[in-house]
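Asks: Here you go, sequence then predicted model.
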Amino acid sequence: MSKINSPRQNQVEIKKLKNGLPLILAPLRDTQAVTVLLFAKVGSRYESASVSGISHFIEHLLFKGGKKRKTSLAITKALDSVGAEYNAFTAKDMTGYYVKVGREHLELAVDVLSDMVLAPLFDNKEIEKERGVIIEEINMYEDNPLMGIDNYFEEEVFQGHPLSRKISGEKEDIRRLSRRDIVAYFKKYYLQGRLFLGLAGNLPDNAVVLAERFFGRQKLANRTGDFKKFSERQSAPRFKFVNKETSQIQTMLGFPAYHQNHPLYYAASLLTVILGGNMSSRLFTEVREKRGLCYFVRAAYEVYEDSGTFAVQAGLDPVRLSLAFQTIEAVLTKIKSGGVTAAELKKAKEFLKGKLILNLEDSADVIAWLVKQRMMFGKIETLDEKIKKIAAVKIADVNRAAKELINWRKFNLAFIGPEKYRPEILKIFN
């Protein structure tokens, strides 16, 4: 067991249950709520092409009944009866489940979540019904370009690699997944050393006892089935055009980037803020405020264990498309060649610090932050430690990140809009 200070200055305990399951405890003052969170270190990048979308499918199915509560209605009735908040998500490198309740209902939350995740039924009828639900979810993303543009962008950046595929899978993938596929994948990636449990909030004295009772009895095998590492080999620009009759062009453009443990991770994060992380950023000022070319524009830095992406996303007016792209290109070129100022870096550091603090005001956010670190890095850094690393970044670090990341030979562009604009865009970037 080890102890560190939590983001809200309470002592965090890192334990292991008898079956080896890591447990992170984060007691928090000034709240009557508790959050139970379970992360599984598995997501869509672990999938082979033959079972694409299965991680997300399983996330849905774990809410459809377990050994104790055999239907989704039994699960939701139990949680709704105490006003619980509960949900789940699937990413490319992890899957998460949480239940948030008043502290007096912690036992119910731990009971329900453990039954869902450790003893799911995978009933055939529920599997068939959930296919339709997931297909409609895919349709929702396809009908909303703002929600789906990042899928097409990463398709190009990670071309030919599992990271290039949609988390949801394609509709034909979901239609062909069998119960046998689902059960085999679940056993391979859930019932072994990929699970991480966290409890945060106003924890009662028996919190560890409850965790052990409900999560500690399940035998967990040794971890197996790691992901395929990404090796970046791009040497020429790539373009993805999705023909859709829209009144606004949705676009995402950018480059391969550093992984989550890279020495310039914080420099790249600060560069992202300066470039397009807030309403005083260079992109927002140049593209929206000065020229009125868009409503929405941002810069984004997405990281994985072995790679990442550095991108600009915007919704653009087709009539002034050329000017918008030329402006974005000019902003990127200027920051690459001219670097950032001391004033910009100082503001960006304070912005990141402020966001970190505000993002850790809720028990669910706190425990997710802690457990993710433990799962992805094998250790937990305190808020103070992270703030010190941000403060230590120098102008030269940010300028180096700009020069390395903005590489036009490794440029990628995803575009959702009418096909007729393709020649105009190709003319700009070729």
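Replies: Sure, I can see it. This is a predicted model, so every value here is computed, not measured. Residues are numbered from 1 along each chain as shown.

Asks: show me the residues around Arg391 that make contact.
Replies: Actually, residue 391 is Ala. It isn't Arg. Lys349 (Cβ atoms under 8 Å, 6 or more residues apart in numbering). All C-beta spots, glycine's among them, are computed from the backbone N, C-alpha and C.

Asks: quick one: it from Glu344, how far?
Replies: 15 Å (Cβ to Cβ, to the nearest Å).

Asks: Point out where the protein drops to low pLDDT.
Replies: Low-confidence regions of the chain, defined by pLDDT under 70, span residues 1-10.

Asks: residues in contact with the spatially most central residue of it?
Replies: Geometric centre of the chain, nearest residue: Ala91, 5.3 Å, by Cα atoms, centre = their mean. By Cβ under 8 Å, 6+ apart, the contact set of Ala91 is Gly43, Ser44, Ile167.

Asks: buried stuff in stretch 407-419?
Replies: Buried residues in stretch 407-419, defined by neighbour count with 16 or more other Cβ atoms under 10 Å: Lys410, Phe411, Asn412, Leu413, Ala414, Phe415, Ile416, Gly417.

Asks: Tell me if Gly254 really is in a strand.
Replies: Yes. Gly254 sits within a strand when classified using DSSP: H, G, I helix; E, B strand; the rest coil.

Asks: How about it, nearest residue that isn't a chain neighbour?
Replies: Ala311 (2.9 Å; Cβ to Cβ, 6 or more residues apart in numbering).

Asks: Kindly report the same for Glu419.
Replies: Nearest to Glu419 is Asn243, by Cβ to Cβ, 6+ apart, at 4.2 Å.

Asks: Spit out the contact partners of that neighbour.
Replies: Gly417, Pro418, Glu419.

Asks: if you look at those, which of them are in strands?
Replies: Mapping the contacts of Asn243 onto strands (DSSP state E) picks out Gly417.

Asks: closest to Val287 among the contacts of Asn243?
Replies: Gly417 (17.0 Å; Cβ to Cβ).

Asks: Which strand residues bridge that closest one?
Replies: Taking DSSP bridges as the rule, Gly417 bridges to Asn243.

Asks: just the helices in the stretch 151-300 of the chain please.
Replies: 171-176, 179-189, 207-215, 265-276, 282-283 (DSSP state H, counting those that start in this stretch).

Asks: need those helices in CSV with distance to Tyr304, can you?
Replies: Conversion of the helices of the stretch 151-300 of the chain to CSV gives the following (distance: least, Cβ to Cβ, whole Å):
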stretch, distance to Tyr304
helix 171-176, 21
helix 179-189, 17
helix 207-215, 27
helix 265-276, 12
helix 282-283, 24
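
Asks: ok, now how distant is the residue nearest to Glu419 from Pro237?
Replies: 20 Å.

Asks: Just the angle for the host helix or strand of Ile390 relative to helix 265-276, thanks.
Replies: When elements are assigned from DSSP states H and E, Ile390 belongs to helix 383-391. With axes from the mean of the first three to the mean of the last three Cα atoms, to 10 degrees defining the directions, helix 383-391 sits at 70 degrees from helix 265-276.

Asks: residues near the residue nearest to Gly254, how many?
Replies: 27 (other Cβ atoms under 10 Å).

Asks: for it, phi and psi?
Replies: Backbone torsions for Ala311, taken as degrees, to the nearest 10, come to phi -140, psi 160.

Asks: what's it in contact with, if anything?
Replies: Phe153, Met252, Leu253, Gly254, Phe255, Ala299, Ala300, Tyr301, Glu302, Asn412.

Asks: 7 Å instead?
Replies: Phe153, Met252, Leu253, Gly254, Ala300 (Cβ atoms under 7 Å, 6 or more residues apart in numbering).

Asks: which one among those residues gets closest to Lys336?
Replies: Once Cβ to Cβ is applied, the member of those that ends up nearest Lys336 is Gly254, at 12.7 Å.

Asks: Against Glu126, how distant is that closest one?
Replies: On the measure of Cβ to Cβ, Gly254 and Glu126 end up 39 Å apart.

Asks: Neighbour count for the two, which is higher?
Replies: A count of neighbours by other Cβ under 10 Å puts Gly254 above the other of Gly254 and Glu126, at 26 against 20.

Asks: isn't the more buried one right up against Ala414?
Replies: No. Using Cβ atoms under 7 Å, Gly254 is not in contact with Ala414; the gap is 9.2 Å.

Asks: any shared contact partners between these two?
Replies: Phe153.

Asks: just how off-centre is the helix or strand hosting Pro423 within its chain?
Replies: For Pro423, the host element (DSSP H and E) is helix 422-429. When distances are taken as Cα atoms, centre = their mean, to the nearest Å, helix 422-429 is centred 31 Å away from the chain's centroid.

Asks: Now tell me what touches it from outside.
Replies: Pro237, Phe239, Phe241, Leu321, Ser322, Phe325, Gln326, Phe411, Leu413, Phe415.

Asks: try it again with 8 Å
Replies: Pro237, Phe239, Phe241, Leu321, Ser322, Phe325, Gln326, Glu329, Phe411, Leu413, Phe415.

Asks: Show the contacting residues for the last one.
Replies: It stands for Phe415. Counting by Cβ under 8 Å, 6+ apart, Phe415 makes contact with Tyr152, Phe239, Lys240, Phe241, Val242, Ile249, Gln250, Thr251, Tyr421, Arg422, Ile425.

Asks: Buried subset of the residues you listed as a ChimeraX selection?
Replies: Filtering the contacts of Phe415 down to the buried ones (16+ other Cβ under 10 Å) takes a single ChimeraX command:
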select :152,239,240,241,242,249,250,251,421,425
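
Asks: between the contacts of Phe415, which is closest to Leu352?
Replies: For the contacts of Phe415, the nearest to Leu352 is Thr251 (25.9 Å; Cβ to Cβ).

Asks: List phi and psi for the closest residue to the closest one other than its chain neighbours.
Replies: Among residues not flanking Thr251 along the chain, Phe415 sits closest, at 5.1 Å (Cβ to Cβ, 6+ apart). Main-chain torsions, Phe415, degrees, to the nearest 10: phi -140, psi 130.

Asks: gap between Phe415 and Ile425?
Replies: Counting by Cβ to Cβ - Phe415 and Ile425 are separated by 6 Å.

Asks: Next: Arg213.
Replies: 59 Å.

Asks: quick check: longest helix of this structure.
Replies: Longest helix of the chain, by residue count under DSSP state H: helix 124-143.
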